[in-house]
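**Q** requesting a structural model of the entry that follows:
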Amino acid sequence: MPYTQNTYFSDPPITFQPQIKINSTTGSEIITTANVKDFARIDTTADDTIIGQMITEARIVAENYISKDIVAKNRTYYLPFADTRIALPFAPVASISSATVDGTAATYTAKGLDNEIIELNELPAKEVKVTYITTGLDDSFLKQALLQMVTTYYDNRSNFVVGVSVNVIPTSVTDLLSSYKTVFI
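**A** Now for the predicted structure:
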């Protein structure tokens, strides 16, 4: 049986997919409750907690939409098999902490403008794990997009349930985020 990218040696073949895990969030939100309150002209402190939660929800939805980290994170990327360069999701990458192949430290070369591509010195490789830290993003377009998302959530807060992911991105926000969007996984 030929060894292919998503197949393990078994009969019948077992298919595994790449996986990405957030080990920790190392950065801070790029907008604050005070920013949202100024933007939306909110004078009360009664909703500060829910606004803070909405900031996090909006940022997570935006990160998943653009496939990049807005807030820096420590991540681990797993590939069952690699036979070529590996593009690390949610780049730009600040640093690569480790790369292992089948549980053993691997040598690699970081490539790309933001070290978002690594090339293992020994290919093909199976059971590849790369642990890395993303830089996060911070600019006025992203801040504007998040402010618009949070105020939309706030204006429609009767639909907002704490602990439940919000997955709605207003059209004007998708226009702002589109220039950051990476089709990755």
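**Q** so this protein: which segments form each domain?
**A** Here the domain parsing of the chain from automatic domain parsing is 1-26+73-135, 31-72+137-185.
**Q** gap between the longest one and the chain center?
**A** Distance of domain 31-72+137-185 from its chain centroid, counting by CA atoms, centre = their mean, to the nearest Å, is 15 Å.
**Q** how about a markdown table for the domains of the chain, with mean pLDDT and mean neighbour count added?
**A** Bear in mind the C-beta positions are built from the backbone N, C-alpha and C, glycine included. Formatted as a markdown table, the domains of the chain follow (pLDDT from 0 to 100; neighbours: other CB atoms under 10 Å):
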| stretch | mean pLDDT | mean neighbour count |
| --- | --- | --- |
| domain 1-26+73-135 | 87 | 15 |
| domain 31-72+137-185 | 87 | 16 |
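**Q** top helix in the protein by residue count?
**A** Longest helix in the chain, counting residues (DSSP state H): helix 48-66.
**Q** which helices and strands sit right next to that one?
**A** The contact analysis (3 or more CB pairs under 8 Å, 6 or more residues apart in numbering; DSSP states H and E) places helix 48-66 against helix 33-40, helix 140-155, helix 171-177.
**Q** right, so of those helices, which gets closest to residue 126?
**A** With CB to CB as the criterion, residue 126 lies closest to helix 171-177 of the helices and strands packed on helix 48-66, at 35.5 Å.
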